[in-house]
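>>> Let's see this in three dimensions:
(one chain, ligands or ions: 1)
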Amino acid sequence: MMAVSTMKRTARVVVRSGACSTAAVGPSTRLAPSNRAFHASHRRQDETPSPGTPLRAGPGSSHDRSSSSSSRANSASGMSIVNIVIASAAIVIAAPHALDLYGRITGTTPSRSTSSSIPGKLEPYTHHPLPLVLSAYYPDPASASVHKLLHIGLPASLPASGGSETDELKKALRIRSVYIKEPSLVIERAYTPLYDTLPGSYSAALQDASAEERQRLDLLVKRYPDGELGKMLHRAVANPTVPQLEVRGPVDTWSFERDSVAGGAIPERIVMVVGGTGVTPAYQLVTNLFGGPTGGSGKRAMEGGPMIDVVYATQSLENALLLPELHALAANSKDRVTVSLFAEHLAGSPSPSTLSPTQLAALGPTLKASTPSSSSRRSWLPSLFSKASSSLEPKLHLTSSLSPTSTTTIPVYESRITQQHLESLLSPQNGKPIPGRTLILVSGPDGMVEAIAGSKSRDGQSQGSLSGILAKIGCRQEDVFKL
Ligand SMILES: Cc1cc2nc3c(=O)[nH]c(=O)nc-3n(C[C@H](O)[C@H](O)[C@H](O)COP(=O)(O)OP(=O)(O)OC[C@H]3O[C@@H](n4cnc5c(N)ncnc54)[C@H](O)[C@@H]3O)c2cc1C
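Sure thing, here's the model as predicted:
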């Protein structure tokens, strides 16, 4: 496993070969990846009144009746104190239920009591305090940014094992998250570690990891201007000796074993359509199956696992996360992992020489950009020559700057992910049907998930009906899962 250089939500679609008809139906749907709208509607939770909020003395308190007889005043005062005690007790008893109800109604997750927190422990349903051992701006620790890489100290995890290789593969086919609590506001938010180092992990990345890497969670956290948890996590000062973050987990975001649609058969291919910080679940799944980007002495890729295509949308090249690591994973797992990037704004026709310092920072020292040749431009979208528009051709190719002979490329399109792109990706290649089953996972801002696969239910708990681009190209409801 490699430390990321110093360093969303989603839908799952299972597509049997031919399950998504590739016939174009209507005009392509544009995505609306507004992080602001997404978080405002899906992930934001307003401040919850604290159970300890003092009650205001109402009419009948001794202060209101200064001219009344002392007995009436005492009686009123006594009544008032009894009322306060009863009301306070009722609030304390009812608060957890009210918070649960509030969470269900708003689609957010209120935190539970942490009065019995045990430092250094991790459990799915109870928060425990863990230390923040590293906090660095991402991608360049020396430049302030809206993204930070955080390392949270963990009790060491050992790779789990048991059962046949197939059983282990099925257990690695999952994406797990943790929830971090904001103590004063009584709210929590989910974050997906880049590597599953959580208890009970079957991740190939854990097998590659050093002892130090096994004792930490690597999170990439975006800060929004008024985002509560993002602000708190960006402000927190790293100190390995102070367990300051209330964390619970692991919680399955998606797992093959719980996927009734999968019916026990491992998919041949998983297409992950992701946007913004929604790339973190895709990254975790790839590293679960193929190990970390720098590899190690441990077991590498899981045998018999699916191919993974990461179709990644960002607002701009400079906002793209984990590009060097994704490229390294694709290069290490030739023909098993592909990555393509859709940047809405590339500022015209960038050439390698005109990339800005922030764009170059997103590429890191290991990637270089080049202008695709006309033949390579066309290779990814063979069926669309006749109707090709400039947004259907990559504007840049990202390749390794360290090994010039490497042919692994991340094509960069100046576009949102469109119907044509997904049709092309899911269509039979060279006229031949893609064998086996394709599972599609979608993760990103609400607007993007809605455009690709339709929105989740209001409470975020159920999938909602399939619509959007995937419905237009003929995918079936049961073939789609929104993370
Ligand atoms: C399974 C899962 C995994 C995730 N993994 C990651 C991850 O790895 N990394 C990551 O960064 N995120 C991840 N997220 C998203 C994360 O959980 C939070 O939703 C995100 O960090 C925003 O939380 P916040 O508290 O910072 O912002 P919030 O307080 O929720 O605010 C979000 C946005 O809403 C706006 N807003 C806040 N209050 C209001 C208001 N009253 N009116 C209008 N707008 C308002 C804010 O300005 C901001 O733009 C994940 C989410 C899920 C569900």
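
>>> got the residues of the stretch 51-200 of the chain near the ligand?
Contact residues, the stretch 51-200 of the chain versus the ligand (Cβ under 6 Å from any ligand atom): Ser177, Arg189, Ala190, Tyr191, Thr192. Backbone N, C-alpha and C define where each C-beta goes, glycine included.

>>> continuing past whichever strand or helix holds the third one, what's the next helix or strand?
Same thing as Ala190. Using DSSP states H and E, the element containing Ala190 is strand 187-191. As assigned by DSSP H and E, the chain's next helix or strand after strand 187-191 is helix 204-208.

>>> for the helix or strand just after that following helix, packing partners?
Per DSSP H and E, the first helix or strand lying C-terminal to helix 204-208 is strand 216-222. The contact analysis (3 or more Cβ pairs under 8 Å, 6 or more residues apart in numbering; DSSP states H and E) places strand 216-222 against strand 132-138, strand 147-153, helix 228-235.

>>> Pull the residues that contact the last one.
So the one you mean is helix 228-235. The contact list for helix 228-235 (Cβ atoms under 8 Å, 6 or more residues apart in numbering) reads 45, 135, 148, 150, 180, 182, 185, 187-189, 219, 221-224, 245.

>>> farthest-separated two in the residues you listed?
Gln45 and Ser135 (23.6 Å; Cβ to Cβ).

>>> Let's see stretch 467-482 as PDB, backbone CA atoms only.
Extracted C-alpha coordinates of stretch 467-482, given in PDB (Å, rounded to 0.1, in the frame of the first residue of the first chain):
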ATOM      1  CA  SER A 467     -34.100   7.000 -14.300                       C
ATOM      2  CA  GLY A 468     -31.500   9.300 -15.900                       C
ATOM      3  CA  ILE A 469     -29.000   8.300 -18.500                       C
ATOM      4  CA  LEU A 470     -28.800   4.600 -17.400                       C
ATOM      5  CA  ALA A 471     -32.600   4.200 -17.700                       C
ATOM      6  CA  LYS A 472     -32.400   5.900 -21.200                       C
ATOM      7  CA  ILE A 473     -29.800   3.500 -22.400                       C
ATOM      8  CA  GLY A 474     -31.900   0.500 -21.300                       C
ATOM      9  CA  CYS A 475     -30.400  -0.500 -17.900                       C
ATOM     10  CA  ARG A 476     -32.800  -2.200 -15.500                       C
ATOM     11  CA  GLN A 477     -33.700  -1.100 -12.100                       C
ATOM     12  CA  GLU A 478     -32.300  -4.300 -10.600                       C
ATOM     13  CA  ASP A 479     -29.000  -3.700 -12.400                       C
ATOM     14  CA  VAL A 480     -28.400  -0.300 -10.700                       C
ATOM     15  CA  PHE A 481     -27.400   0.500  -7.100                       C
ATOM     16  CA  LYS A 482     -26.800   4.100  -5.800                       C
END
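
>>> State the mean pLDDT of it.
Here stretch 467-482 scores 89 as its mean pLDDT.
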